[in-house]
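Enquirer: Below is the sequence, then the predicted model.
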Amino acid sequence: MVSAALAARPQLDPIPALAPVPRRTEIALRNVSVLYPCGRGDSKTVLSGIDLEIAAGEFVVVLGETGCGKSTLLRLILGEDSPTAGSVQVDGKPVTRIDARCGYVPQKYSLFPDRTVMGNVMYGPENARSGILGRWRPSFWRYRRELRDEAGQYLGRMGLRPQDLTKYPHQLSGGMQQRVAIAQALLMRPPVLLMDEAFSALDPSTRSRLQEQIHSVWLESRPTILFVTHNTQEALLLGTRLILLGRHLDDRSQRSNILLDMENPLSRLPFARRAQSPELHRIQEQVKQIAFAASSMDGTEDPAEFANPESDSQ
Amino acid sequence: MKSAFHPSDLVSVQARPSRLWTQSMSWLLFIAGIALYAQFSIARHKENPEDRVVPSVHQLAAGVKSSILEPAEEDDPLDPGAGLYQRLRHSMLWKDTASSGRRFFVALALLVPAILLGLHMAVFPYAGALFLRFVLFFDKIVALSLLPILFIIFGIEEWSKIMLMVIGVAPTLILDTCNNARAVHREQIVKAFTLKSGSFDIAYRVVLRQILPQIINSVRLNLKPLALFLFAGEMIAATDGLAYRIAIMRRHMGMDIILPYLLWVALLLFAVDAFLRFANRRLHPWYQPL
């Protein structure tokens, strides 16, 4: 059933593509498995034998139902978790701990509540520039003034007004907070930006605006983005490449693997036309079918995760 | 629109008392307490005009006056021509307040390392592994049972009383700080690392800054235990201090001094608490208590 579904993978009418340009591999996962102990000597395999290469400048969206290991995959790349087997590399170097190679935008708690918007955005570049002691030097204060201007411009482009810059996170709406969080991460100019269901707590119109903004930021500076979501439509609107994670049933231990790894046919269209594209709904349905076929094989009969219109609507 | 007060509102969860009602009701028990005391005192003084157990208003006023204008019995008497400032400066109340206050604030200062230990235990896993079990066990030791040991180690001078306060309150503060620091969302720490923070940056510039309002609240909650240990120490071995004076006056049935002292101690603690609450609000406008 899975193979039949995979055979019917989404395809668009051929569009003349540009000649492929060889690109540097930014993120590489080689035969990665993750097991979590679950008491009495048992362990649960979350991810099994994942092989994945992401080139610099790709906008990769990882899709999958809740609990399929999307966030685990992201945490491995971030360095927050270590693989039980296999290796993870970012920018050609193995990931052993969390560092500034990756920017990170989580779903919640993304801003420091004790700092203003400006304080949050300047936190990273200030750290990058100088340690605690170096902050007493006049050169640091000059740098700080320049940085404040740059951060202000950045936040302005993200749709924040000058009067918002002195506000604390609790005084901002959820959408504004995520805008600041994205600006906070991007101002560090990380080669990789990891976004963990960053828009899932937002209302549809705010989500839609932020999708457009993150896409335009990506077009401008082309960071490698790994965007985790369970929303198929969001994945199709944003990504240049889609990765669908799903579970298999194996010796009563559920493990996830890559069910689908494909270029997003819609990414060839301008962003504004993607939502109106007649192909959007068709591809969305096909992706759901693949996910459902795999989950039915697992004995997970309820396709609610993918069929739920609320979780999958804009 | 506000509706008129109805007696059933008193037991209604949905009642919305006006500001006037709230203010009036908050003072009601104070007024009732004073009235009850006055009535009880008058009744006793009718039976025995020399009664010292429930002093009259006049006796209390005389007690307050002697406390704030006259030196303690053990001190040299003042020159009869001494001015008001001299009298206040050498008064029994000032002497006792200064002694107790010094002990109290030294102990409070010595609790700062306890707070930092709690922070480190939460942020640095090895520090947590080393200290947590010990502090959890130490927290269960009744601090007053350590008093004889403290007297042996530190003598009966100041340090035994100060250390009793520190030992009595430190484990609670350590554990409270540790719990608060552990409750900081993991996303914040991960995010800080991706923003080029080092471990000490995380500890002091991310976690400590975020939990500082909770630490101040924790100190506020521990003011009374701190005063309790101070009083225990002073009542057992001291030559001055608010609790020492209360203990001395108990022997003489000096309720005219004990009651004003008792209210003075409550007022001082209330003032420290109010100051900390005010400072917390001013210093941390971002803090959103649950």
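Expert: Received it, and whenever you're ready, just let me know what you need. What you see is a predicted model, and the numbers here were worked out from it, not measured in a lab.

Enquirer: Near the closest residue to chain A within the stretch 51-200 of chain B, how many residues? Count them for me, please.
Expert: In the stretch 51-200 of chain B, no residue comes nearer to chain A than B:Leu195, which is 3.3 Å away by C-beta to the nearest C-beta. Where C-beta positions appear, they are placed from N, C-alpha and C, glycine not excepted. Neighbour count for B:Leu195, taken as other C-beta atoms under 10 Å in any protein chain shown: 27.

Enquirer: same question, B:Leu29
Expert: 9.

Enquirer: before we move on, back to that, list the contacts for the residue of the stretch 51-200 of chain B closest to chain A?
Expert: A:100, A:123-124, A:127-128, A:184-185, A:188 (C-beta atoms under 8 Å, 6 or more residues apart in numbering or on different chains).

Enquirer: Name only those of these that count as buried.
Expert: A:100, A:123-124, A:127, A:184-185, A:188 (16 or more other C-beta atoms under 10 Å in any protein chain shown).

Enquirer: Dump those into TSV; add secondary structure, distance to chain B and pLDDT as well.
Expert: Listed next are the buried ones among the contacts of B:Leu195 as TSV, based on DSSP: H, G, I helix; E, B strand; the rest coil; distance: C-beta to the nearest C-beta, whole Å; pLDDT from 0 to 100:
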residue	secondary structure	distance to chain B	pLDDT
A:Ala100	coil	5	88
A:Tyr123	helix	6	94
A:Gly124	helix	3	92
A:Asn127	helix	4	88
A:Gln184	helix	7	92
A:Ala185	helix	7	91
A:Met188	coil	6	89
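
Enquirer: Out of the residues you listed, which is nearest to A:Pro265?
Expert: Nearest to A:Pro265 among the buried ones among the contacts of B:Leu195: A:Ala185, at 28.5 Å, using C-beta to C-beta.

Enquirer: Next up, the contacts around that closest one.
Expert: A:Ala185 makes contact with A:103-105, A:124, A:193, B:194-195, according to C-beta under 8 Å, 6+ apart.

Enquirer: Return the closest of these with respect to B:Ile248.
Expert: Distances from B:Ile248 to the contacts of A:Ala185, taken by C-beta to C-beta, are shortest for B:Leu195, at 59.8 Å.

Enquirer: In space, what's closest to that closest one - neighbours in sequence excluded?
Expert: Leaving out its chain neighbours, the residue that sits closest to B:Leu195 by C-beta to C-beta, 6 or more residues apart in numbering or on different chains is A:Gly124, at 3.3 Å.

Enquirer: Within range of chain A, give me the residues from the stretch 51-200 of chain B.
Expert: B:185, B:187-188, B:190-198 (C-beta under 8 Å from any C-beta of the partner chain).

Enquirer: And the buried ones among the contacts of B:Leu195, which two are furthest apart?
Expert: A:Asn127 and A:Ala185 (13.3 Å).

Enquirer: Test my guess that B:Val207 contacts B:Val184.
Expert: Yes. With contacts counted by C-beta atoms under 8 Å, B:Val207 reaches B:Val184, the gap being 5.2 Å.

Enquirer: what's near enough to touch the spatially most central residue of chain B?
Expert: What sits nearest the mean C-alpha location of chain B, by C-alpha atoms, centre = their mean, is B:Leu223, with 3.0 Å. By C-beta under 8 Å, 6+ apart, the contact set of B:Leu223 is B:269, B:272-273.

Enquirer: Among those residues, which ones are in helices?
Expert: B:269, B:272-273 (DSSP state H).

Enquirer: Which of those residues ranks first by neighbour count?
Expert: B:Val272 (19 neighbours).

Enquirer: Which residue, neighbours along the chain excluded, lies closest to it?
Expert: B:Leu223 (6.0 Å).

Enquirer: so how far is A:Ser173 from the one you found?
Expert: 38 Å (C-beta to C-beta, to the nearest Å).

Enquirer: And chain B, is stretch A:27-45 touching that?
Expert: No. Using C-beta under 8 Å from any C-beta, stretch A:27-45 stays clear of chain B, with a minimum separation of 14.7 Å.

Enquirer: Mind listing what's buried along that stretch?
Expert: A:27-29, A:32-35, A:45.

Enquirer: same question, stretch A:92-101
Expert: A:95, A:98, A:100-101.

Enquirer: What's the end-to-end length of that stretch?
Expert: 11 Å (C-alpha to C-alpha, to the nearest Å).
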